[in-house]
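J.: pasting a predicted model and its sequence here:
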Amino acid sequence: MTPFVEALQGRLPGKVRADSAALDTFQTDGLTAFHERPLAVVFAETQADVVQAVRLCFESGVPFVARGSGTSLSGGAVPVAGGVVIALNKLNRILALDPRARTCVVEPGVINAQVSRAAAPYGLHYAPDPSSGPVCTIGGNVAFNSGGAHCLKYGMTANHVLGLKVVLPDGEVVHLGGASLEPAGADLAGFFVGSEGLFGIALEVTLRLLPKVERYATFLAAYKSLEAAGEAVAQIVAAGLLPGAMEIMDRLAMDAAEAAVHAGYPADAQGLLIVELEGPAEEVAAETPRLLALLKASGAYRTEVARDERERALFWKGRKSAFSAVGRLSPEYLVQDGVVPRTRLGEALAAIHALSRRYGLRVANVFHAGDGNLHPLILFDAQAGEAARAEALAGEILRLCIQMGGSITGEHGVGLEKRAYLGEQYAEADMDAMLRLRRAIDPRGVANPGKMLPGGPGPAPIGEPPARA
Ligand SMILES: Cc1cc2nc3c(=O)[nH]c(=O)nc-3n(C[C@H](O)[C@H](O)[C@H](O)COP(=O)(O)OP(=O)(O)OC[C@H]3O[C@@H](n4cnc5c(N)ncnc54)[C@H](O)[C@@H]3O)c2cc1C
């Protein structure tokens, strides 16, 4: 055991582990392609524990990474070589819920879905709804500016965070934003959201709550081609409708979801569009025939409307379980998270299909179409030597997004996986501004180094032993 770990244990007795079981468990996250054994894992129980751990790391120049539930799909929560993992799951209290102000103050380890459950008795809900909502934490959502199916209408996490209490990388504790809907000064809470753990650790988050939706109408529209489903999305928005959600699944994703949860998706469709209208009952009733007409005009050969809440839940269950269900089709898969302008979705899908054929790897598509947010799932078998090819194909898809005027990430963060591409999306001066901000806030570079910004240490990729075990 190193003197640093001994010092950490001295400051936080009973809350630090450096045994193999703990270190192995925390060496990876949802992107299992990368792994790195940490020096130690801190199981923080209070905000003071987090501050203590961060201060010691700063003093000793030891890197740290905050960890919520570890569902990052871009390697954001993978440990840094020679560093510490600060696990936040035990900081899971809802500290205050004010139904009149429609705000809620939570600790970072609170699970996303738990916020809406707590708000439900007051007729309120928390809008950002990542598919991982039943397991991921608000701290992780803040760090990645996470989104979900209904973020088309309501915006991403950034639009729902009013204030933050944060421990900066040097151990100082600050408050950014506040409880007011109209904060004073620069939007520093907004600046922290999406910073991927590079600007410190969120200790408390003040969230905005919204009234519960009065009525939903959920539609399935089946298309003979995936591109046609993609084109329909732009047509619906251009016609002036703003559904709560618009999601697309291709045949492969539907097959996986059907096998896993029997959602009742059409067996002969090549593209499936799930559209959900939501809002006041009268508005939904008026928009329903307009939407049906638009779906038919865009080439849908079959449309269905959920008859009741049970059927609505089933339509969504297929979509929400699609990522894990695709695991049935292949030993491994990579989830990409790029964005293209909504008007170019059809074109992007056709290009991804061509790339999939060129690389000889299957790609399943399931994504938040309304935002132009693609989630191609690249299926591969590392044992058969396909891992590098899968990474290369993922990189080509990111470049395609940049060329089309989109972005290399929609909601999963840049993490480790995409850091090399950030410089392709931004100009040199933009990158320099980001690096200067980083240095100003974290002069010793201890907070999650090697993530988001290019350069820095990197853990071992697929199939190789960790670089510094
Ligand atoms: C099946 C599946 C479906 C998913 N669907 C979606 C989706 O629809 N939308 C979406 O956006 N994402 C989705 N994700 C990705 C992931 O769940 C989200 O990005 C989520 O926000 C990560 O939360 P977490 O608690 O697991 O964070 P972790 O994976 O533990 O950490 C993610 C990042 O946040 C940082 N971090 C964690 N806590 C803090 C904190 N308190 N302060 C500062 N930094 C912190 C970590 O250092 C890391 O960089 C999905 C993942 C899976 C596996």
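T.: Received the coordinates, thanks.

J.: tell me the secondary structure at Leu273.
T.: With DSSP: H, G, I helix; E, B strand; the rest coil as the basis, Leu273 sits in strand.

J.: leaving out the residues flanking it, which one is nearest to it?
T.: Ala221 (4.3 Å; C-beta to C-beta, 6 or more residues apart in numbering). All C-beta spots, glycine's among them, are computed from the backbone N, C-alpha and C.

J.: okay, and the one you found sits in which element?
T.: Under the criterion of DSSP states H and E, Ala221 resides in strand 215-223.

J.: output the below-cut-off pLDDT ranges for the stretch 351-469 of the chain.
T.: For the stretch 351-469 of the chain, residues meeting the criterion pLDDT under 70 lie at 456-469.

J.: show me which residues of the stretch 251-400 of the chain sit near the ligand.
T.: For the stretch 251-400 of the chain, the contact set with the ligand under C-beta under 6 Å from any ligand atom comprises 323-324.

J.: for the stretch 251-400 of the chain, which segments are assigned as strands?
T.: For the stretch 251-400 of the chain, the strands defined by DSSP state E, counting those that start in this stretch occupy 271-279, 302-305, 332-335, 338-339, 363-368, 373-374, 376-380.

J.: could I get those as TSV with mean neighbour count?
T.: Output for these, formatted as TSV (neighbours: other C-beta atoms under 10 Å):
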stretch	mean neighbour count
strand 271-279	24
strand 302-305	15
strand 332-335	20
strand 338-339	25
strand 363-368	27
strand 373-374	26
strand 376-380	25
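
J.: nearest to Ser60, of those strands?
T.: For the strands of the stretch 251-400 of the chain, distance to Ser60 was read as C-beta to C-beta. The smallest value, 35.2 Å, belongs to strand 332-335.

J.: direction included, what does that closest one pair up with?
T.: Applying DSSP bridges, strand 332-335 is found paired with strand 376-380 (antiparallel).

J.: contacts only, for the residue nearest the centre of the chain.
T.: By C-alpha atoms, centre = their mean, the mean C-alpha position of the chain lies nearest to His412, the distance being 3.5 Å. Contact analysis of His412 by C-beta atoms under 8 Å, 6 or more residues apart in numbering lists 72-74, 144, 146, 335, 337.

J.: export these as JSON lines, with columns for distance to Lys165 and secondary structure.
T.: JSON lines is the format used below for the contacts of His412 (distance: C-beta to C-beta, whole Å; DSSP: H, G, I helix; E, B strand; the rest coil):
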{"residue": "Ser72", "distance to Lys165": "22", "secondary structure": "coil"}
{"residue": "Leu73", "distance to Lys165": "27", "secondary structure": "coil"}
{"residue": "Ser74", "distance to Lys165": "26", "secondary structure": "coil"}
{"residue": "Phe144", "distance to Lys165": "19", "secondary structure": "helix"}
{"residue": "Ser146", "distance to Lys165": "19", "secondary structure": "coil"}
{"residue": "Val335", "distance to Lys165": "32", "secondary structure": "strand"}
{"residue": "Asp337", "distance to Lys165": "28", "secondary structure": "coil"}
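
J.: isn't Ala259 up against Arg328?
T.: Yes. Taking contacts as C-beta atoms under 8 Å, Ala259 lies within contact range of Arg328: 5.9 Å.

J.: related to what we said a few turns ago, state the distance from the residue nearest to the centre of the chain to Val335.
T.: 7 Å (C-beta to C-beta, to the nearest Å).

J.: Arg307: which of the contacts of His412 is nearest?
T.: For the contacts of His412, the nearest to Arg307 is Ser146 (31.2 Å; C-beta to C-beta).

J.: report how many residues lie close to the closest one.
T.: For Ser146, the neighbour count with other C-beta atoms under 10 Å is 29.

J.: now the stretch 351-469 of the chain against the ligand: closest residue?
T.: Residue nearest to the ligand within the stretch 351-469 of the chain: Glu411 (3.2 Å; C-beta to the nearest ligand atom).

J.: count of residues packed around that residue?
T.: If you count neighbours by other C-beta under 10 Å, Glu411 ends up with 24.

J.: could you do the one 4 residues further on as well?
T.: Counted with other C-beta under 10 Å, the burial measure for Gly415 works out to 28 neighbours.

J.: once you drop chain neighbours, what's closest to it?
T.: In space, and not counting its chain neighbours, Gly415 is closest to Ser74: 2.9 Å by C-beta to C-beta, 6+ apart.

J.: same for the one helix or strand in the chain whose mean pLDDT sits lowest, what does it pack against?
T.: The helix or strand of the chain with the poorest confidence is helix 322-326; it has a mean of 84 (mean pLDDT, DSSP states H and E). Packing partners of helix 322-326 (3 or more C-beta pairs under 8 Å, 6 or more residues apart in numbering; DSSP states H and E): helix 251-261, strand 363-368, strand 376-380.

J.: ok, now which ones touch the residue lying closest to Arg93 once chain neighbours are set aside?
T.: Of all residues not flanking Arg93 in the chain, Glu107 sits nearest, at 5.0 Å (C-beta to C-beta, 6+ apart). For Glu107, the contact set (C-beta under 8 Å, 6+ apart) comprises 47, 88, 91-95, 203-205.

J.: ditto for Phe43
T.: Here Phe43 is in contact with 15-17, 87, 90 (criterion: C-beta under 8 Å, 6+ apart).

J.: from Leu272, how far off is the residue of the stretch 251-400 of the chain found nearest the ligand?
T.: Distances between the stretch 251-400 of the chain and the ligand by C-beta to the nearest ligand atom are smallest at Phe323, namely 3.9 Å. Applying C-beta to C-beta, the value for Phe323 to Leu272 is 16 Å.

J.: how's the protein carved up into domains?
T.: 3-87, 98-211, 213-320, 330-421 (the TED database).

J.: need those domains in CSV with distance to Glu428, can you?
T.: Below are these laid out as CSV (distance: least, C-beta to C-beta, whole Å):
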stretch, distance to Glu428
domain 3-87, 23
domain 98-211, 19
domain 213-320, 33
domain 330-421, 15
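
J.: figure out which of those domains is closest to Pro443.
T.: Here domain 98-211 is closest among the domains of the chain (C-beta to C-beta), at 7.6 Å.

J.: that closest one close to the ligand?
T.: Yes. Using C-beta under 6 Å from any ligand atom, we find that domain 98-211 touches the ligand at 108, 130-132, 136-137, 139-141, 143-144, 146-148, 196-197, 201-202.

J.: give me the subset of these that lies in strands.
T.: Under the assignment DSSP state E, these contribute 201-202 to strands.

J.: count the residues that sit near Ala22.
T.: Neighbour count for Ala22, taken as other C-beta under 10 Å: 18.

J.: ok, the one 10 residues further on next?
T.: Thr32: 15 surrounding residues under other C-beta under 10 Å.

J.: could you do Arg444 as well?
T.: Arg444, neighbours per other C-beta under 10 Å, totals 16.

J.: one more: Val237?
T.: By other C-beta under 10 Å, neighbour count at Val237 equals 16.

J.: let's test this: mean pLDDT of stretch 232-243, rounded?
T.: For stretch 232-243, mean pLDDT rounds to 92.

J.: can you pick the most crowded of the contacts of Phe43?
T.: For the contacts of Phe43, the largest number of neighbours (other C-beta under 10 Å) sits with Ala87, at 25 neighbours.

J.: tell me how far the strand holding Ala221 lies from the chain's centre.
T.: Relative to the mean C-alpha coordinate of its chain, strand 215-223 is positioned 24 Å out (C-alpha atoms, centre = their mean, to the nearest Å).
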